[in-house]
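[1] from the sequence below, what's the structure:
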Amino acid sequence: LYDYWFVQFDFPDANGRPYKSSGGRMVWNEGLKREIPAGWEAVPLSRLVEEVKDGVAPNASDNTTPYVGLEHIARRSIVISSWAAADKATSNKIAFRKGDILFGKIRPYFHKVALAMMDGIASTDAIVMRPKQQDFAALALGAIFSDRFVETATASSTGSKMPRADWNVMRRYNIAIPGKASAIASAYQQLFDGIRGKIENNVQQNRELTRFRDWLLPLLMNGQVRVTGAGQMPEQA
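    Presented below is the predicted three-dimensional model:
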């Protein structure tokens, strides 16, 4: 949907038709070296997000605080479905908030970009970005998750064995955004918020099911409980 609306520019026009395909007016933008819808502008990523560097000392958080390392960020998925407890951290970390964007800066071609769906702390091998305007939060995430942005971050990375992305290059990445009078960004944000709510619910349910499995499996293995029939709860032996 991000690609359709903000790269191909076929967002719904005033009549609900795809803008560019229906003959919407396009103008050349020198910064992007391409045409964008009339009334739109190209802005650097730093207009939409800021880098967060709220350092946290080892063991400064209790075991209820989620800790997200690069190993918890899946490739090509915005979803963080697993994490560790903060008391396992042995070095300085970065605090993040729900709604922040985490970008794995080591070997950025791994395409590790995720949306934080809870408060927690992250590895310093991740760049934490915080949206400046709620209406543009989903648009910013889409841009950062795009192949083009990851390729730009990869091209700017330095180091031979463990190349790291350079925030000073990433922050200048240009993004086409609707003008202030447009409701397109808000409409996209509302659609995304609905999807995000479903993702958060699914992650929580999966974690509860995992905890139940981890509690039940040893009891089944040692014969403390047994399954009495399909669709029924296990009973104590």
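[2] any idea how far residue 90 is from residue 62?
    Plainly put, residue 90 is 15 Å away from residue 62 if you go by Cβ to Cβ, to the nearest Å. (Each C-beta comes from the backbone N, C-alpha and C, glycine too.)
[3] same check, this time on residue 51
    Taking Cβ to Cβ, one finds residue 51 at 26 Å from residue 62.
[4] residue 193 now?
    Using Cβ to Cβ, residue 193 is found at 30 Å from residue 62.
[5] for residue 149, same thing?
    Separation of residue 149 from residue 62 (Cβ to Cβ): 35 Å.
[6] for residue 51 and residue 62, indicate the residue with more neighbours.
    Set residue 51 next to residue 62 and count neighbours by other Cβ atoms under 10 Å: residue 51 wins out with 16 against 9.
[7] state the helix or strand in which the more buried one lies.
    For residue 51, the host element (DSSP states H and E) is strand 49-52.
[8] any idea what the nearest residue to residue 87 once chain neighbours are set aside is structurally, helix, strand or coil?
    Excluding the flanking residues, the one nearest residue 87 by Cβ to Cβ, 6 or more residues apart in numbering is residue 63, at 4.2 Å. Judged by DSSP: H, G, I helix; E, B strand; the rest coil, the three-state class of residue 63 is coil.
[9] and the next helix or strand past the strand holding residue 51?
    strand 55-56.
[10] report the buried residues of the helix or strand following that next one.
    Using DSSP H and E, the next helix or strand after strand 55-56 towards the C-terminus is strand 66-68. Using 16 or more other Cβ atoms under 10 Å as the test for burial, strand 66-68 gives 66-68.
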